[in-house]
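Participant: No sequence on hand, only this structure:
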């Protein structure tokens, strides 16, 4: 009985692991890190095939299939949590606030963020649009600063596949 329960647990754990790895692999592919993605894919597919073989060999035991499916579902959740924590890549953020936008731009600059201001034509006239690009790991910091400044600000976050040049606070001053 212990071996059977252990087998179910291993199926579940294998699926959680391989689906979490699949999430990271896809993230790396989207970010253009194909060799890292290939390395992760090697482990992912190995774990997947071993877990699948275990379940296929026990098709007369529906519990194996249930644990396999539960591991897949849980792997999606765990993979998305890992993806949020890793936060690879760059984001571009646009902020539209009617509450002293130029002062907000200076506050963001004082915090070390590069801010470019463009004009946007809205329903009620022209409004400054604050544009920032920075590592995704700093997104929460920016969101908190903007929300503290103006909880009603309109904020759009875009994933940036590549960036080049410009001012970014994470670069050393010598570059």
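Facilitator: It's in. As the structure is a prediction and not an experimental result, all values here were calculated from the model.
Participant: contacts, neighbours, all on C-alpha from now
Facilitator: Will do.
Participant: Show me how far whichever strand or helix holds residue 140 is from its chain's centre.
Facilitator: Per DSSP states H and E: residue 140 is located in helix 139-149. Centroid displacement of helix 139-149 relative to its chain, using C-alpha atoms, centre = their mean, to the nearest Å, is 18 Å.
Participant: Show me what that helix is in contact with.
Facilitator: Where contact means C-alpha atoms under 8 Å, 6 or more residues apart in numbering, the residues beyond helix 139-149 that reach it are 91, 99, 104, 153.
Participant: Leaving out chain neighbours, which residue sits closest to the second one?
Facilitator: Once its chain neighbours are removed from consideration, residue 99 has its nearest residue in residue 150; the separation is 6.5 Å (C-alpha to C-alpha, 6 or more residues apart in numbering).
Participant: Count the residues that sit near that neighbour.
Facilitator: The number of residues packed near residue 150 is 17, by other C-alpha atoms under 10 Å.
Participant: In PyMOL, how would I select just the buried ones from the contacts of helix 139-149?
Facilitator: The buried residues among these can be selected in PyMOL (16 or more other C-alpha atoms under 10 Å) with this line:
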select buried, resi 91+104+153
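Participant: which of the contacts of helix 139-149 sit farthest apart?
Facilitator: Using C-alpha to C-alpha, the contacts of helix 139-149 span at most 23.5 Å, a distance reached by 91 and 99.
Participant: What mean pLDDT does the next helix or strand after the helix holding residue 140 get?
Facilitator: Next in sequence after helix 139-149, counting helices and strands by DSSP H and E, comes strand 154-160. Averaged over strand 154-160, pLDDT sits at 89.
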